[in-house]
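Asker: sequence first, predicted coordinates after that:
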Amino acid sequence: MRARALTAAGVVALVAPTALAFATGGYFDVARLVALLVAWTLVLAAIALGAPLPRGRSAWIALGALAAFTAWVGIAGGWSPLSATARADLERDVLYLGALTAATLLLGGTRARLVEPLLVAGVLVVVGYGLAGRLAPGLVELSQTASAGGRLDQPLTYWNAMGALAALGIVLALRLAGEPDRPLVLRAAAAAAVVPLVVGLVLTFSRGALVAAAVGVVVVALLAPTLAQVRAGACSLVPGALAALLATRSDAVRALEGDMATRERDGLLVLAALIVLTALAAALQALAARRAQRTWPPAPARRLAVATVLIALVAVPVAVGVAGSGGGQAAGFGASTSRLGSASSNRADYWRVAWDAAGEHPLRGVGPGGFGPAWLRARPYPEAVKDAHSLPLETLAELGLIGLLPLLALVGGVALAARDALRANAALAAGPAAALATWLVHACVDWDWEMPALTLIAVACAGTLLSGAAGRSPAD
């Protein structure tokens, strides 16, 4: 009974981001507070059921760092120029602290095997719902946000967040499809899930999400260097790319253009092609899964690939913002393929203002929510911006070095836990580790921290690694 209760609590922690996605991603206060209560209820339940505490020092470093970060947000709210925003930031951080604690307590042992399947299923539900409004507009009617310009933004209501969500799902599904210890049916289903997720990712036209997904795919290949993993990628990503190409060829599906009759006709055609390609991915993976597994590539090639990924993790976020300032004009606004051929972005201006704000109060910062007023004072063009579109830079500006240090300690603690978990059992740890790398890249160029439905997936992956899941016995 105890084991079943802990498993049920773990399932709740893993499906919570999906439920939150249909409440505008948990961005607003009511959904956020409900999620906060659920997270801490799970913590109390885990303690009452005697869930084992993490063994590794890295888990306590990470949890302590997030607790210190949360406490500093509460203190810094005293000099915030926007008290309501400061309160929202504190509530969000308390939510993340509870969710990380719950995940660390609940997702150890054999329960770690639930992480990838349930998270992939949840992302597929959310992205599939958004696609349904395009492929079956007569059956599913979704709201259209003017600022999205036809990009896929529902149900989170922000296209870049939807792109990042799809990227996380793709990375986790690829790892699941390439793991020989998983059942054949599950591996085939995971490969099939990649196809609609790739379509959803492309229809967001989010360049940052596309880059984050690419980095995540490379990290999967590095952490699971087997031919089985390479075959899984080929079996799923190639049909996914074909499906995305077909979807972007239709103006009705790509940008929601045309009358209802046209949208229904084109949506039905793309849906039929998507079904065929999804079935093809599943069939190819089922055939490939019967082949023998062996390590690939040789060690020198792996070291070169590791160096490439490390460079990408540092250079990509900088390149996206610094490559060009749009002067207030987005590159290829909306659902336009021209966006994908341009590196122009307003982020360089956001980051410059954030850096200047950090210089005003380098230790304590300007206070939670302080970037918005700082932007209004220094903006080079009339655009309303609330966030610096970079977690580390916004933290430095609003919370100063005192706030940035515990955030870096949190990342460091999770990284140490990932290293230990990969050494103990790479089969369980590779997927969550790759998903965290994907999230981290995107969080450096957007406001993922303010979208709980997205960040809680990363929190669940981090909790799995912090739990020492790979090193625990099945009895845990």
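Answerer: Happy to help now that I have it.

Asker: thought residue 221 was touching residue 233?
Answerer: Yes. Counting by C-beta atoms under 8 Å, residue 233 is a contact partner of residue 221 at 7.2 Å. In this view, the C-beta of every residue, glycine as well, is placed from N, C-alpha and C.

Asker: who has more neighbours, the two?
Answerer: Ranked by neighbour count (other C-beta atoms under 10 Å), residue 221 and residue 233 place residue 221 first, with 23 against 19.

Asker: which residue sits closest to that one, ignoring its sequence neighbours?
Answerer: residue 229 (6.3 Å; C-beta to C-beta, 6 or more residues apart in numbering).

Asker: what score does that neighbour have for pLDDT?
Answerer: pLDDT for residue 229: 93.

Asker: packing partners for the helix or strand where residue 231 lies?
Answerer: Using DSSP states H and E, residue 231 falls within helix 227-248. Judged by 3 or more C-beta pairs under 8 Å, 6 or more residues apart in numbering; DSSP states H and E, helix 227-248 is in contact with helix 159-177, helix 184-204, helix 207-223, helix 251-255, helix 260-288.

Asker: CA atoms only: put that helix into PDB for me.
Answerer: What follows is helix 227-248, C-alpha atoms only, in PDB (Å, rounded to 0.1, in the frame of the first residue of the first chain):
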ATOM      1  CA  LEU A 227      23.200   2.700 -32.700                       C
ATOM      2  CA  ALA A 228      19.800   1.900 -31.200                       C
ATOM      3  CA  GLN A 229      19.600   5.600 -30.300                       C
ATOM      4  CA  VAL A 230      20.700   6.800 -33.700                       C
ATOM      5  CA  ARG A 231      18.200   4.500 -35.400                       C
ATOM      6  CA  ALA A 232      15.400   5.800 -33.100                       C
ATOM      7  CA  GLY A 233      16.300   9.400 -34.200                       C
ATOM      8  CA  ALA A 234      16.300   8.500 -37.800                       C
ATOM      9  CA  CYS A 235      13.000   6.600 -37.600                       C
ATOM     10  CA  SER A 236      11.200   9.500 -35.900                       C
ATOM     11  CA  LEU A 237      12.900  12.700 -36.900                       C
ATOM     12  CA  VAL A 238      12.800  12.100 -40.700                       C
ATOM     13  CA  PRO A 239       9.000  11.400 -40.800                       C
ATOM     14  CA  GLY A 240       8.600  14.400 -38.400                       C
ATOM     15  CA  ALA A 241      10.500  16.700 -40.700                       C
ATOM     16  CA  LEU A 242       8.400  15.500 -43.700                       C
ATOM     17  CA  ALA A 243       5.200  16.200 -41.800                       C
ATOM     18  CA  ALA A 244       6.400  19.600 -40.700                       C
ATOM     19  CA  LEU A 245       7.300  20.500 -44.300                       C
ATOM     20  CA  LEU A 246       3.800  19.500 -45.500                       C
ATOM     21  CA  ALA A 247       2.200  21.500 -42.700                       C
ATOM     22  CA  THR A 248       4.100  24.700 -43.600                       C
END
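
Asker: how about the contacts made by the nearest residue to residue 201 once chain neighbours are set aside?
Answerer: Computed as C-beta to C-beta, 6+ apart, the closest residue to residue 201 that is not its neighbour in sequence is residue 166, at 3.9 Å. Contacts for residue 166 were tallied using C-beta atoms under 8 Å, 6 or more residues apart in numbering; they are 123, 127, 197-198, 200-201, 204, 209, 213.

Asker: tell me the one among these nearest to residue 349.
Answerer: Closest to residue 349 out of the contacts of residue 166 is residue 209 (20.8 Å), distances taken as C-beta to C-beta.

Asker: mind checking how far that closest one is from residue 412?
Answerer: 25 Å (C-beta to C-beta, to the nearest Å).

Asker: between these two, which is the more surrounded one?
Answerer: Neighbours per residue, other C-beta under 10 Å: of residue 209 and residue 412, the larger number sits with residue 209, 29 against 14.

Asker: just confirm the more buried one contacts residue 167, I think it does.
Answerer: Yes. Contact criterion C-beta under 8 Å: residue 209 and residue 167 qualify, at 5.0 Å.

Asker: overlap in contacts of those two?
Answerer: 201, 442.

Asker: how about the helices of the stretch 351-476 of the chain, start to end?
Answerer: With DSSP state H, counting those that start in this stretch applied, the stretch 351-476 of the chain shows helices at 371-378, 391-443, 452-466, listed in chain order.

Asker: chain neighbours aside, what residue packs nearest to residue 144?
Answerer: Nearest non-adjacent residue to residue 144, counting by C-beta to C-beta, 6+ apart: residue 256, 6.3 Å away.

Asker: my guess is that neighbour meets residue 150, correct?
Answerer: Yes. The pair residue 256 / residue 150 is scored as a contact, 4.8 Å apart, by C-beta under 8 Å.

Asker: and for residue 414, the neighbour number?
Answerer: By other C-beta under 10 Å, the residues close to residue 414 number 28.

Asker: got the contact list for it?
Answerer: Going by C-beta under 8 Å, 6+ apart, residue 414 touches 58, 62, 436, 462, 465-466.

Asker: give me the pLDDT for it.
Answerer: Reported pLDDT for residue 414: 97.

Asker: just the one 3 residues further on next, same as before
Answerer: In the prediction, the pLDDT value recorded for residue 417 is 96.

Asker: if I pick it, what's in contact with it?
Answerer: Residue 417 is in contact with 56, 58-59, 62, 462, 465-466, 468, counting by C-beta under 8 Å, 6+ apart.

Asker: same check on residue 131?
Answerer: Counting by C-beta under 8 Å, 6+ apart, residue 131 has contacts 152, 196, 199-200, 203.

Asker: same check on residue 366?
Answerer: The contact partners of residue 366, by C-beta under 8 Å, 6+ apart, come to 79-81, 357, 360, 373-374, 397-398.

Asker: now it: how far from residue 463?
Answerer: 31 Å.

Asker: do the same with residue 275
Answerer: With distances taken as C-beta to C-beta, residue 275 is found 35 Å from residue 463.

Asker: then residue 416?
Answerer: Here residue 416 is placed at a distance of 15 Å from residue 463 (C-beta to C-beta).

Asker: higher neighbour count, the two?
Answerer: A side-by-side neighbour count of residue 416 and residue 463, using other C-beta under 10 Å, places residue 463 first with 33 against 18.

Asker: which residue comes closest to that one once chain neighbours are left out?
Answerer: With C-beta to C-beta, 6+ apart as the criterion, residue 463 has its nearest non-adjacent residue at 2.2 Å, and that residue is residue 103.

Asker: what's around residue 400, how many residues?
Answerer: 21.

Asker: just to revisit the earlier point, closest one to residue 4 out of the contacts of residue 131, please.
Answerer: Nearest to residue 4 among those, counting by C-beta to C-beta, is residue 196 at 32.4 Å.

Asker: so that closest one touches residue 243, yeah?
Answerer: Yes. Using C-beta under 8 Å, residue 196 is in contact with residue 243, at 7.4 Å.

Asker: pull up the overlap in contacts between those two.
Answerer: Shared contacts of residue 196 and residue 243 (C-beta under 8 Å, 6+ apart): 274, 278.
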